[in-house]
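Colleague: one predicted model, sequence on top.
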Amino acid sequence: MGEPALSLHGRSGIEPPVTTRFAPSPTGLLHLGHAFSAFLAWRRARDAGGRFLLRLEDIDVTRCRPEYAAAILEDLAWLGLDWDGPVRVQTEHLPDYAAVLDALNRRGMLYPCFCTRADIAREIAAATDAPHAPDGGSVYPGTCRALPPAERAARIAAGEPHALRLNLEKALAAAGRALCYEEDGTGSVPCRPERFGDAVLARKDIRASYHLCVTHDDAQGGVTLVTRGEDLRAATDLHVLLQALMDWPTPCYAHHRLLSDARGRRLAKRASAPPIRLLRQQGWSPEAVRDLATVSDYC
């Protein structure tokens, strides 16, 4: 795999205490689905005498709002959930992510991508058998992967906006082994990060991305158990690859069911999820909301 870069935790063989985390994005109010996920992670930590960390994933600078961040903290406290240590706010740690990008770039794992969404859509439309990523999106066709170094440098020097993509072929070769992770209660799960293609690790508008930040922050915080929704299960494959590249520990994962309303719709910010703030205004108690979030689907 080559010399490890920016290893945040050693591998002493000593079993660490259970550390979980809850990591919402402040793009809206905390809703019942969030409360379910937060309570599961909090309870796993507290039952084991471990740590529960809170992180605000606010790198979506166009949608995240400080008033939502403040409301999330207030609602979690109202629910009776406490956390250990200060809240980690991702936009306060952009130099950390830049250091990871620099380490990967020095090893030839990244390349600049100048494509717009329209460019990518045209390339995919021209292909007759374009594959799809696990999240339903199309896999990047690799348009900028083979650009000559001189052209890359000239376009960057001219100030042309560009993302940074992971060269998946080089990354898999550097990992040098079959990748897997432990799913809580299930056992070892093999990974297939190739399904994502050359994923974006640094967006055009901010030198960070969800995949980059979440893996870095879990390692930085010593997270040993990631409790999150079933909708993020596929992304774990790519996260395990990044952990292997950076010599970061791979935590155990527990992907939980997603809450739905009485009509079977997933509880989400844009759909039918009742905000915790609304339930508070309607006179619900913290105990009743926690019971509602954990014992049955919302109805």
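Modeller: Everything's here; your move.
Colleague: show me where the stretch 101-250 of the chain has strands.
Modeller: For the stretch 101-250 of the chain, strands defined by DSSP state E, counting those that start in this stretch occupy the ranges 110-113, 163-166, 180-183, 187-190, 200-202, 225-229.
Colleague: go through those and name the closest to residue 29.
Modeller: Each of those has some distance to residue 29 by Cβ to Cβ; the shortest is strand 225-229, at 17.6 Å. Just so you know, the C-beta spots here come from the backbone N, C-alpha and C atoms, and that holds for glycine as well.
Colleague: give the other helices and strands that that closest one contacts.
Modeller: If you count contacts as 3 or more Cβ pairs under 8 Å, 6 or more residues apart in numbering; DSSP states H and E, strand 225-229 packs onto strand 19-22, helix 32-47, strand 252-256.
Colleague: pairing partners for that strand, with directions?
Modeller: When sheet partners are counted by DSSP bridges, strand 225-229 sits next to strand 252-256 (parallel).
Colleague: quick check on residue 282: phi, psi?
Modeller: The phi and psi torsions at residue 282 (degrees, to the nearest 10) take the values phi -80, psi 0.
Colleague: ok, it to residue 240 distance?
Modeller: Going from residue 282 to residue 240 by Cβ to Cβ, to the nearest Å gives 42 Å.
Colleague: the two - which one has more neighbours?
Modeller: Set side by side, residue 282 and residue 240 show more neighbours around residue 240, with 23 against 8, by other Cβ atoms under 10 Å.
Colleague: now do the same contact list for the more buried one.
Modeller: 179-181, 191, 193, 250 (Cβ atoms under 8 Å, 6 or more residues apart in numbering).
Colleague: what would these look like in JSON lines with distance to residue 22?
Modeller: As requested, these are exported to JSON lines (distance: Cβ to Cβ, whole Å):
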{"residue": "179", "distance to residue 22": "26"}
{"residue": "180", "distance to residue 22": "25"}
{"residue": "181", "distance to residue 22": "20"}
{"residue": "191", "distance to residue 22": "24"}
{"residue": "193", "distance to residue 22": "25"}
{"residue": "250", "distance to residue 22": "19"}
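Colleague: so which of the residues you listed is the most crowded?
Modeller: Going by other Cβ under 10 Å, residue 193 tops the contacts of residue 240 with 24 neighbours.
Colleague: hang on, that residue packs against residue 243?
Modeller: No. The criterion here is Cβ atoms under 8 Å, and residue 193 misses it with residue 243 at 10.8 Å.
Colleague: hey, what's in contact with both of those two?
Modeller: In contact with both residue 193 and residue 243: no residue, using Cβ under 8 Å, 6+ apart.
Colleague: who's in contact with residue 101?
Modeller: Applying Cβ under 8 Å, 6+ apart, the residues contacting residue 101 are 110, 164, 201-202, 207, 212.
Colleague: I meant residue 242, not that one.
Modeller: With Cβ under 8 Å, 6+ apart, residue 242 has these contacts: 166, 211-212, 215, 248.
Colleague: let's see which of those end up in helices.
Modeller: Taking DSSP state H as the definition of helices, those contribute 211-212, 215.
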